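>>> model this:
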Amino acid sequence: MTVGAFVAPAQLSAAPSQVRARPEVGVEQIAQYAGGALWLAQVERQNVPRSRIESASFVAWRARVAVDVANVLDLEPEVLETVWSQADADHQIALMAALSQLGTPYKRRASQPGVAFDCSGLTGWAWAQAGHVLPRNSTLQWRAGDARTPESAQAGDLLRYPGHVMMWLGVDGAIVHSPRPGGVVEVRHLSDRSLRRSKFFDPS
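Predicted structure coming up:
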């Protein structure tokens, strides 16, 4: 079974080993674990539709992703895992989907997992994995969503910066996005100025 560009990893029922930060972690490893978490979440959602995803396997794979993303961004893994666990099922699925595409090149007007994305192509594809069809343009995505504040937003909600759309990781200015020509899907911190200029919204 596939999800996006990913084949479901073998033995997904087992928890990932050595759940701790490793300095050599790269985006390919994060993308692999996020792809596994995405697959598990979608399977659970199909079998038992509900607002939370609670299987031990999914929680373990999500924790692995949180540790590695936290390591890249110099965050506390427990904080990241906590805010992710508090998001509803749709937000968690969209978040794992976006993170499963780390390292995918930017290409204008592209939305092809494992090949290329522009900013709204990534957010639209990620949210489609949770069953939500978003407009193709970043401005239209924002207009179709419900406004949120940093206090009311969940991990997986989107931020619109003029001419650009990103997905919030739930902590401070941490985001995942497809940035610009020559770039790849990445996680990063927004500057305080960029964060102040960004508008949070829930696309679901």
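>>> quick one: residue 197 and residue 162, what's the gap?
Distance, residue 197 to residue 162, by C-beta to C-beta, to the nearest Å: 7 Å. No exception for glycine: its C-beta is placed from N, CA and C like everyone else's.
>>> can you name the helix or strand that the most centrally placed residue in the chain falls in?
Centroid-nearest residue in the chain: residue 95, 2.5 Å away (criterion: C-alpha atoms, centre = their mean). For residue 95, the enclosing helix or strand under DSSP states H and E is helix 89-99.
>>> buried sites along stretch 91-103?
91-102 (16 or more other C-beta atoms under 10 Å).
>>> quick check: which element contains residue 166?
Judged by DSSP H and E, residue 166 forms part of strand 164-168.
>>> quick revisit: tell me the mean pLDDT for the helix holding residue 95?
Mean pLDDT, computed over helix 89-99, is 97.
>>> ok, stretch 63-79 next?
On average, stretch 63-79 scores 96.
>>> chain center to it, what's the gap?
13 Å (C-alpha atoms, centre = their mean, to the nearest Å).
>>> parallel or antiparallel, list what pairs with the helix or strand following the strand holding residue 166.
Downstream of strand 164-168, the first helix or strand assigned by DSSP H and E is strand 174-177. Sheet pairing for strand 174-177, assigned by DSSP bridges, gives strand 164-168 (antiparallel), strand 186-189 (antiparallel).
>>> most tightly packed of the ones you listed?
strand 164-168 (a mean of 26; mean count of other C-beta atoms under 10 Å).
>>> ok, residue 155 touching residue 90?
No. Residue 155 is not in contact with residue 90 according to C-beta atoms under 8 Å; the separation is 11.4 Å.
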